[in-house]
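Novice: got a predicted structure plus its sequence, pasted below:
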Amino acid sequence: MASHSSSPVPHPSSGGSEGIFQKDRDPSSRHYRPVHSLPDVCPKEPTGEAARGLCEGPSVVADQHRWTVYNSKVNLPAALNDPRLAKRESDFFTKSWGLDFAETEVMPSFYLPNITKEHFGPYLQETAQREKIHERCKNICPNKDELDAVSSITNNHDKSRTELEQVPKIFMKPDFALDDPTTFNAVLPWSHFNSAGRKSSRDMASSRLLQEKLSHYLDVVEVSIARQISLRSEAFFHAMSSQHELQDRLTETARAVAVLRGRTAAIERIMCEGPLRALRQALTRSNCARLHNKLKLMAAVHQSQPTVQLLLSTSEFVGALELIATTKEVLQQELQGIHSFRHLGSQLCEMEKLIDKMMVEDFSMYSRSDLSRSLEDDGQVMEKWSLFSQMQYKRSVSIKDRLESLVFGLLRQRKLDFLDIYSDEMILAAKSIVTQSVVDSVSQIEEIDTDIVTKLADQMRLMTFPQWFELLKSVFENFILFLKRIKATLSVVRNVVLEALDSNQKSRLLERAAAAAGGLAEAPGTPLNQGEAELAYLTHEGLFISDALNDAQLNLGAGGGQEQSSTVGPRQALSRLDGCGSDSASGTTESSSSREHALQPGGAAGISSSEDMMPSDLELGRVANNIQELLYTASDVSHDRCVKVLMARAKDGSLERLSSAEFVFLSQAVEGFVRDTEELCCRRSVSLRGALQSQANRFVHRFHEERKTKLSLLLDNERWKQAEVPAEFQDLVNSIADGRITLPERKPQGTEERKPSDYLHIDGQKYAVVGTVLLLIRIFLEYCQCVNDIPSISTDMLTRLSDLLKHFNSRSCQLVLGAGALQVVGLKTITTKNLALASRCLQLVVHYIPVIRAHFETKLTPKQYSVLRHFDHITKDYNDHIAEISAKLVSIMDSMFEKVLSKYEVKAPMPSACFRNVCKQMAKMHEALYELLPEEQAQMLFLRINASLKMHLKRQLARLGVHHDGGPQHGLVTVDVAFYTENVQSLRTLEKLDLNMAEIWEQKR
């Protein structure tokens, strides 16, 4: 085995004649660099000459402040090439430092030059020839020592492998174990031995042979192991020497650590024990003070439950709730874990539930008392409210303050459904108002026996209209007072809700300001507080050390009393509320003052407790909306109750049988009530208006049917003769001309009677009319008067009036033009006077249609103007009817002309009998129409009649062959035409009528 200083690799030596580089072979001339082992990776296998430098290890005392390579914890090559891992980790770097670590390009150093291949050019050129000669010599003349060593190693290896192959493979298996029966039988074949236990010479020989074989196998393995050990003898000896050096260094390190610990103990004894002892005593004193304060706080908490009961006995719910909330907060923050108070929290919760129940009952009692008290009381809110407490004594408090206290308490407990209680009581009170009003009214009517008629609806139907109308007005008045009372109560509730909402907003502003101030105050003292906290942790002094440090911080940073009061919070609140409770017990503290004190941001409960208990802004906003909706509901309930009163009366159709004036009174009363409720509640309820509209529709239908039937009867009995016009009808049309579209008031009977007139004078024209048309004018004035009284039925009334006018037009056409009057009235014939009178009546109606239209237009909204087109259609129908009557008059004369002129002969004597007859008929026609038609219409009519005459005369002259040639026949015809012209122009109003008789002659072509 080679020595420690020998080199296992032979070095070739050759002359320097060829300039080959030669290393110095003298071991004494080598300068070894101390190689330090890395004990964390391979502490037991130092290789090469690294063991020489172990004695030069670092000093713990001397090098404790200087970082060296020995501070490294991982040998990176060994970690990357760990033989214990089955697979090399490919993500060694990326799993800890990210995917970009392996791919990141390393920046070149600024202190090293950029070495390229050109820098090695001169050296490679200088040694290239030597390298070629060296390689050629190495291939031609290999080293003898290397060949011997290689052959020796190869022979030994082959020999060892051959010997090891003699050993059975079963001994080489990694799971070889003799306790396995299969393995044991394979190694020791017992089947060759005698199973009976007798040892024969053969068995003994087999045993010796087996023993020798096993011994041989053992020798082969031992020899192989020894050979391997001999090959690695240098490493074994190196490991042993490294172990001794390592033990020496560990001993030296242990001595250095002992010295360091001694110095540290001295420093602790001299510099730390005294200050720490002083700090412990200061903390102990502070803890004792805090313990004393906590004992006083426990005493105050112990008295909180009797104080709450005392407050409840005086119905001071707000103060009791504040005290309970503060006590619970103190129990959770300051006194958490106190065994004697383990049941106090549950007891306070039960008391809080009891307070909730009491507040709900008191609010229900208030609602019932407020809504059911007499409506004759002028006060909208009760002045006094008698309450019975648990101690069964009676006292009176201000209802407004009491209500505000109750509402605030309910809001604080988040009992946001308390308005439902008020709504239920409100509905019951509305029912009782109607019932009581009916009972009071029936009690004053002797004709109604309440023992026989028990139902309120039946009793109302037995009343006369004036009696029922007085009842309805009484109900309306009671409901107005009822709504005013509800609005006053809800206004008080809304003010409390808005006050709580404003308090929440102020609290948030103060919290933000305190947070900003706290952030500025914490910055300077942060390092000191952290150091104190670490010091307190090192002293291991129990639970109250952090509390003592917090007190020290508050004492250092407190600049004013306001910050201290806002920081202490629950403890001060408890003491204040305790005092407040005592005052309440003595009767000096009112609920309103405690409520206002609790609502203040810096008040008793403080920012933290009060805001946590109160609902959020969103919830308070919903409560405020519910209050407004409750007022709307009150308006709707009042209207619904009034609708029931209205429907009970209308069940037997009595409202439909009202007169127009009575229905107007009813409509005005309902409209007044609706208007008052809208002003009071800002709510447009539609139920009562809808019920009135339904009754109005029935009233309009009956109103229209009565007048239509009346008009039909008048037309069926009309004989179409000119009627006298009473003075009252002349006054009626005069008032219409003055713009008063209403029925005139009835004059007293003692006034002077005026004679009737033959004509109806309107705008300077005379109208000869029949009696039916005079009544028709009064009828459509009744329609207009009804619209004035009830504007809501304007559209329906307009439609009905249009139907009435159409009915008059169609029926008059049937009776006159259709000759229906011959059978209905018994007229012998329809004369031209009947026709002219009918035309003049139609013209009168057409004259008033624009007036009616303008009146209805003032009652309609712009969206309803489309219904006015009915008047345009009616006007067209009337004008067509008038034109048909005029055509009928012309056709009468036309048929007469055709009959007479067809027998005309041009011969003496002159004037002829034919023309005498024509002039006679023209005179009769003029006599019939002169008194009825105005001058312009008469002239137009006779011009048309004259045109018909000229047409027939021209046709007869053409048939007779008489021409305008100045002959005898022409002269005779000229005499007849002159006679005709003279007679027609002698008629009154026709003097200037241009007959243009020259048209009877045909023009020569």
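Specialist: It's in. Numbering: from 1, shown residues only.

Novice: all contacts plus neighbour counts: C-alpha atoms, from now on.
Specialist: Noted.

Novice: how about Lys766, secondary structure?
Specialist: Here Lys766 is recorded as strand under DSSP: H, G, I helix; E, B strand; the rest coil.

Novice: make residue 1 into 323 and carry on from there
Specialist: Noted, 323 is the first residue going forward, which turns the last one into Lys1088.

Novice: next up, the contacts around it.
Specialist: Lys1088 makes contact with 1081-1082, 1256, according to CA atoms under 8 Å, 6 or more residues apart in numbering.

Novice: mind redoing it with 6 Å?
Specialist: Neighbouring residues of Lys1088 by CA atoms under 6 Å, 6 or more residues apart in numbering: 1081-1082.

Novice: roughly how far apart are it and Met687?
Specialist: 78 Å (CA to CA, to the nearest Å).

Novice: then Ser1132?
Specialist: Between Ser1132 and Met687 the computed distance is 70 Å (CA to CA).

Novice: repeat for Pro1184
Specialist: Distance from Pro1184 to Met687, by CA to CA: 52 Å.

Novice: more neighbours, those two?
Specialist: Set Pro1184 next to Met687 and count neighbours by other CA atoms under 10 Å: Met687 wins out with 16 against 9.

Novice: so where do the strands sit in the chain?
Specialist: 706-710, 716-720, 1082-1084, 1087-1089 (DSSP state E).

Novice: and the gap between the residue nearest to Arg1006 when sequence neighbours are not counted and Leu968?
Specialist: Leaving aside its sequence neighbours, Arg1006 sits nearest to Glu1000 (CA to CA, 6 or more residues apart in numbering; 5.6 Å). For Glu1000, the distance to Leu968 (CA to CA) stands at 19 Å.

Novice: tell me which of these two has more neighbours.
Specialist: Per other CA under 10 Å, whichever of Glu1000 and Leu968 has more neighbours is Leu968, with 21 against 15.

Novice: just give the nearest non-adjacent residue to that one, would you?
Specialist: Ala1013 (7.8 Å).

Novice: equivalent analysis for Glu978, please.
Specialist: Excluding its sequence neighbours, the residue lying closest to Glu978 (CA to CA, 6+ apart) is Phe1021, at 5.0 Å.

Novice: count the neighbours of the residue nearest to Leu968 for me.
Specialist: Ala1013 has 18 nearby residues by other CA under 10 Å.

Novice: cool, Asp1316 as well?
Specialist: By other CA under 10 Å, the residues close to Asp1316 number 12.

Novice: measure it to Arg830 for me?
Specialist: 101 Å.

Novice: also Val1306?
Specialist: 106 Å.

Novice: same thing with Gln1307?
Specialist: On the measure of CA to CA, Gln1307 and Arg830 end up 106 Å apart.

Novice: now Gly1148: phi and psi?
Specialist: Gly1148 adopts backbone torsions of phi 100, psi 30, taken as degrees, to the nearest 10.

Novice: please disregard the earlier target; I meant Gly1061.
Specialist: Here Gly1061 shows phi and psi, under degrees, to the nearest 10, equal to phi 100, psi 10.

Novice: pLDDT score assigned to it?
Specialist: The score at Gly1061 is 82. That number is its pLDDT.

Novice: count of neighbours near it?
Specialist: For Gly1061, the neighbour count with other CA under 10 Å is 11.

Novice: check Gln1017 too.
Specialist: Neighbour count for Gln1017, taken as other CA under 10 Å: 20.

Novice: find me the pLDDT at it, would you?
Specialist: Reading off the model, Gln1017 has pLDDT 83.

Novice: tell me how far the nearest residue to His1248 once chain neighbours are set aside lies from Leu619.
Specialist: Leaving aside its sequence neighbours, His1248 sits nearest to Leu1309 (CA to CA, 6+ apart; 7.5 Å). The spacing between Leu1309 and Leu619, counted by CA to CA, is 128 Å.

Novice: neighbour count for those two, which is higher?
Specialist: Set Leu1309 next to Leu619 and count neighbours by other CA under 10 Å: Leu619 wins out with 21 against 15.

Novice: burial count for Gly641?
Specialist: Gly641, neighbours per other CA under 10 Å, totals 31.

Novice: to clarify, my last question referred to Leu653.
Specialist: Leu653: 21 neighbours (other CA under 10 Å).

Novice: how far away is it from Ser957?
Specialist: In this view, Leu653 and Ser957 are 49 Å apart by CA to CA.

Novice: what of Lys491?
Specialist: On the measure of CA to CA, Lys491 and Ser957 end up 109 Å apart.

Novice: what's the answer for Asp497, then?
Specialist: Distance from Asp497 to Ser957, by CA to CA: 99 Å.

Novice: the more surrounded of these two?
Specialist: Of the pair Asp497 and Ser957, Ser957 is the one with more neighbours under other CA under 10 Å, namely 25 against 10.

Novice: got any ranges where the stretch 373-522 of the chain has weak pLDDT?
Specialist: Per-residue confidence for the stretch 373-522 of the chain (pLDDT under 70) gives these ranges: 373-426, 463-475, 478, 512-522.
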